[in-house]
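>>> Here's my sequence, what's the structure:
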Amino acid sequence: MSTQILDTGSVSKSRQALRETLLVIRREILTRTSNRTILLTTGLLALGVGAAAGVGGWFLANSAQGLEAFSLNPRMLFATAMICALLTSLVYSSQSLTAGVVEEKSSRVVEILLTKIGIGPLLAGKLLGIGLVTLAQLLVIGGTGVLGFAVADGFSLLDIQVGPSLLWFMVWFLLGYAVFALLNTALAATVARQEDLASAVMPLSVLQMVLLVVSLYVLPTHLDNPWLHALSFVPLFSSYLMPIRFGLDGLEMWHMAAAAGLSAVAIPALFWVAARLYRNNALRTGSRVSLRASLTPDDQN
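Take a look at the predicted model:
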């Protein structure tokens, strides 16, 4: 009987957490889809990318008249596109996520939210809601680019077979977003003012730019470097380095699977750290505190 009561209680808590998470997801999506600035910016970017792709496809088709169709490495093409999309989306989503976290703390809204919603569902809902909006924006912008290139008949000159590449690169996009979004959330939880936010997340922003340079310019010319191979298995670096290794045929499939598994295992640990930092610092105001102090509950300081 006691076991059945515990099981029933666990199921009830899980359902409650799921309802709270869905509520936060809905809140984050509605907040951004009702923002005219976000909608206008997305529309303008989509039009710009579509027009640029159309013009590029037209020049490509006209300059290559009379020549045989040439082929590109589809893996490398999608790897480069995915990494650029990953960096762009992380810059945008991280800014939106961290600014929201600090704004809720400074305005004391988080105190009201935490009385009705658990810390886990609150963070999970924020990450998923903002992630879904960001993914939708990327699909709209990227889709217009593909459409513009296709209308200009640019694909007639390219012999591209995607195969499993697109699936793998989507996996790395999702894993990379989860890892960096959680790290940005953890750093944002240590500050309570918008003016301190830039300095708090600066190390991670610099790291992303370094990873972009390493993945696009260093790794292709040092494909056999053992240090780069080792770093590509580290969850913080794998979302940038593994797609390029895959694009250059520089690894076996079990390497990709192993690196993806390590990133997937690291996500719950990062979520626990971010949730602990958020919980301990939700009611703290004033200047930025160190990560070590942030891991200690406020009533113990």
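
>>> Who are the packing partners of the helix or strand where residue 82 lies?
Assigned by DSSP states H and E, residue 82 belongs to helix 74-106. Judged by 3 or more Cβ pairs under 8 Å, 6 or more residues apart in numbering; DSSP states H and E, helix 74-106 is in contact with helix 109-116, helix 119-151, helix 165-188, helix 197-213, helix 235-247. Where C-beta positions appear, they are placed from N, C-alpha and C, glycine not excepted.

>>> Can you say which of those is packed in most?
helix 235-247 (a mean of 25; mean count of other Cβ atoms under 10 Å).

>>> could I get the helices and strands packed on helix 74-106 as JSON lines with distance to residue 41?
Formatted as JSON lines, these follow (distance: least, Cβ to Cβ, whole Å):
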{"stretch": "helix 109-116", "distance to residue 41": "25"}
{"stretch": "helix 119-151", "distance to residue 41": "9"}
{"stretch": "helix 165-188", "distance to residue 41": "19"}
{"stretch": "helix 197-213", "distance to residue 41": "20"}
{"stretch": "helix 235-247", "distance to residue 41": "25"}
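
>>> Would you format these as CSV with mean pLDDT and distance to residue 99 included?
Output for the helices and strands packed on helix 74-106, formatted as CSV (pLDDT from 0 to 100; distance: least, Cβ to Cβ, whole Å):
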stretch, mean pLDDT, distance to residue 99
helix 109-116, 74, 13
helix 119-151, 85, 11
helix 165-188, 83, 8
helix 197-213, 85, 7
helix 235-247, 86, 23
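
>>> Can you check which of those helices gets nearest to residue 24?
Nearest of these to residue 24, taken as Cβ to Cβ: helix 119-151 at 2.4 Å.

>>> got the angle between that closest one and helix 165-188?
If you take axes from the mean of the first three to the mean of the last three Cα atoms, to 10 degrees, helix 119-151 sits at 140 degrees to helix 165-188.

>>> Quick one: distance of helix 119-151 to the chain centre.
Offset of helix 119-151 from its chain centre (Cα atoms, centre = their mean, to the nearest Å): 10 Å.

>>> who are the neighbours of that helix, in terms of helices and strands?
Using 3+ Cβ pairs under 8 Å, 6+ apart: helix 119-151 touches helix 2-33, helix 36-63, helix 74-106, helix 165-188, helix 253-281.

>>> which of those helices is buried the deepest?
Per residue and on average, the most neighbours among the helices and strands packed on helix 119-151 fall to helix 165-188, with a mean of 22 (mean count of other Cβ under 10 Å).

>>> before we move on, the earlier item: of the helices and strands packed on helix 119-151, which is nearest residue 125?
So among these, helix 2-33 is nearest, using Cβ to Cβ, at 2.4 Å.

>>> that older thread, mind checking the helices and strands packed on helix 74-106 for the one nearest to residue 54?
helix 119-151 (3.6 Å).
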